[in-house]
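S.K.: I'd like to go over a predicted model; first the sequence, then the structure.
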Amino acid sequence: MHAVHGAANCADLQNWPQTIEKGGWRLTNVWPTEQETEAPADVPPAIARNFIQAEEAAVRGHRESAGMTYRRVLELTLKDKAPEQKGTLEKRIDKLAADNRLTPEIATWAHSIRDLGNESAHDEAEPTADDIKDLAAFTRIVLEYLYTMPAKVNERAGVPLPVPIEGD
């Protein structure tokens, strides 16, 4: 069981470590714990930076900002992967899907990211927490599919495959 043995007013919280020490208190734990946010491996820096911003906005409950930024991540990603494709994000998604660079399922997710991102930017209604969780998951999967997995495959290129054992 945990007990709170003191309180501080809002003005004191601007310098909370000093406030605690001056009061003779000892800080043993802080909740919630701060979590380090990372983009998937092998994502270009500008895209990773935007993904981290979307994740941090989502954690803070800034759902409109998170929704718009996840959409931005998708847009930057598809511009990076298909710079020759001009036009809207919708056209880029469709082109990459037609070229088999996105699976049909991932293209559907990409359209969901685009739609929810657009709603975050243009609708009065705030996206739901579940919408943002889905956007986060879908965006991470798109990044892993387009950057992380190809890098892992390339890393293993030239590595001999295991030889099957006789009788297997």
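M.R.: Sure, I can see it.
S.K.: and after the worst-scoring helix or strand of the chain on mean pLDDT, which helix or strand comes next?
M.R.: In the chain, no helix or strand scores lower on mean pLDDT, DSSP states H and E than helix 16-22, which sits at a mean of 70. Of the helices and strands lying after helix 16-22 in sequence (DSSP states H and E), the nearest is helix 45-59.
S.K.: what mean pLDDT does that next one have?
M.R.: Taken as a whole, helix 45-59 carries a mean pLDDT of 97.
S.K.: Report the distance from the least confident helix or strand of the chain to the chain centre.
M.R.: 34 Å (C-alpha atoms, centre = their mean, to the nearest Å).
S.K.: With stretch 84-96 instead?
M.R.: The answer for stretch 84-96 is 21 Å, by C-alpha atoms, centre = their mean.
S.K.: Only alpha carbons, please: show the least confident helix or strand of the chain as CSV.
M.R.: Provided in CSV are the C-alpha atoms of helix 16-22 (Å, rounded to 0.1, in the frame of the first residue of the first chain):
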residue,chain,number,x,y,z
TRP,A,16,9.0,20.2,-7.7
PRO,A,17,12.4,18.6,-6.9
GLN,A,18,13.5,21.6,-4.8
THR,A,19,10.0,21.9,-3.2
ILE,A,20,10.2,18.2,-2.0
GLU,A,21,13.7,18.6,-0.6
LYS,A,22,12.9,21.8,1.2
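S.K.: Surely W109 touches A136?
M.R.: No: counting by C-beta atoms under 8 Å, W109 stays clear of A136, with 11.7 Å between them. C-betas here are computed from N, CA, C, even on glycine.
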